[in-house]
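> any chance you can model this:
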Amino acid sequence: MKLIILDRDGVLNEDSDDFVKSVDEWLPINGSADAVGRLCKAGYTIAVATNQSGLARGHFSLADLEAMHAKMNALAAAEGGSFAHIAFCPHGPDDGCDCRKPLPGLIHQIEKALGTSAEGCWMVGDSIRDLEAGVAAGCKPALVRTGKGEKSIAKLAAAGLSQAQVFDNLAAFADVVLQQPTDV
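Next comes the predicted model:
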């Protein structure tokens, strides 16, 4: 299985410091749904690992989150793509869970749900914590400049992530991956 794990906010959709709280606020980043479609058509399995502490903070409900994910799924499906699994952490930063990134719990949930290892797969995120979670699970880190990505670039070396590849957005990541005879 050729697995790619994506963060959600800032990679697939516009991020917000005030939380993405509703389906109307969930705005796709230009080219992201197409990128998912192109990767799926090329045989990649796409999963999502996303912190959603807005649930614990009372900013939105589980039904709101499910509506956002339904929109995300519909946009990907319109481009020939799909998400094999969406793992989300509903906890707040102080809840002491094992799934909130930078911990690798969400990636382990994806591995269990899909019956595969994430070792050597791509983890694409816009923040240091996304990449740290990926590296902790044996993934190759890829940072996109969208969302918090531009601010995160300066922190890569200090976080021990200088091996991370940097892309303008998910579409640019897909362009590079799909041009390679094997993964870059």
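> going by C-alpha atoms from here, please, whenever you check contacts or count neighbours.
Fine.
> ok, I107 touching A137?
Yes: contact criterion C-alpha atoms under 8 Å: I107 and A137 qualify, at 6.9 Å.
> compare the two and say which is more crowded by neighbours.
Remark: of I107 and A137, I107 carries more neighbours, 28 against 22, as counted by other C-alpha atoms under 10 Å.
> what helix or strand is that one on?
I107 is part of helix 105-114, with elements assigned from DSSP states H and E.
> can you name the next helix or strand after that helix?
Next along from helix 105-114, by DSSP H and E: strand 122-125.
> now for that following strand, which elements pack on it?
strand 2-6, helix 128-136, strand 140-144 (3 or more C-alpha pairs under 8 Å, 6 or more residues apart in numbering; DSSP states H and E).
> strand partners of it, parallel vs antiparallel please.
Sheet pairing of strand 122-125 (DSSP bridges) gives strand 2-6 (parallel), strand 140-144 (parallel).
> tilt between the helix holding I107 and strand 2-6?
With axes from the mean of the first three to the mean of the last three C-alpha atoms, to 10 degrees as the basis, helix 105-114 and strand 2-6 are set at 140 degrees to each other.
> got phi/psi on E119?
phi -50, psi 120 (degrees, to the nearest 10).
> got the angle between the lengthiest strand in the chain and strand 2-6?
Criterion DSSP state E: the longest strand present in the chain is strand 44-51. In terms of direction (the same axes, to 10 degrees), strand 44-51 departs from strand 2-6 by 30 degrees.
> contacting residues around strand 44-51?
Contacts with strand 44-51, where a contact means C-alpha atoms under 8 Å, 6 or more residues apart in numbering, come from 1-9, 36, 39-40, 82-91, 100-101, 106-107, 110.
> just the C-alpha atoms of that strand, please, in PDB.
The C-alpha coordinates for strand 44-51 follow below in PDB (Å, rounded to 0.1, in the frame of the first residue of the first chain):
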ATOM      1  CA  TYR A  44      -1.900   6.100  -3.400                       C
ATOM      2  CA  THR A  45      -4.100   5.600  -0.400                       C
ATOM      3  CA  ILE A  46      -4.800   8.900   1.300                       C
ATOM      4  CA  ALA A  47      -5.600   9.200   5.100                       C
ATOM      5  CA  VAL A  48      -6.000  12.300   7.300                       C
ATOM      6  CA  ALA A  49      -4.600  12.900  10.800                       C
ATOM      7  CA  THR A  50      -6.000  16.000  12.300                       C
ATOM      8  CA  ASN A  51      -6.100  17.600  15.800                       C
END
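> sheet partners, orientation included, of it?
Assessed with DSSP bridges, strand 44-51 is paired to strand 2-6 (parallel), strand 85-89 (parallel).
> comparing those strands, which comes out most buried?
By mean neighbour count, with neighbours taken as mean count of other C-alpha atoms under 10 Å, strand 2-6 ranks first of the strands paired with strand 44-51 at a mean of 23.
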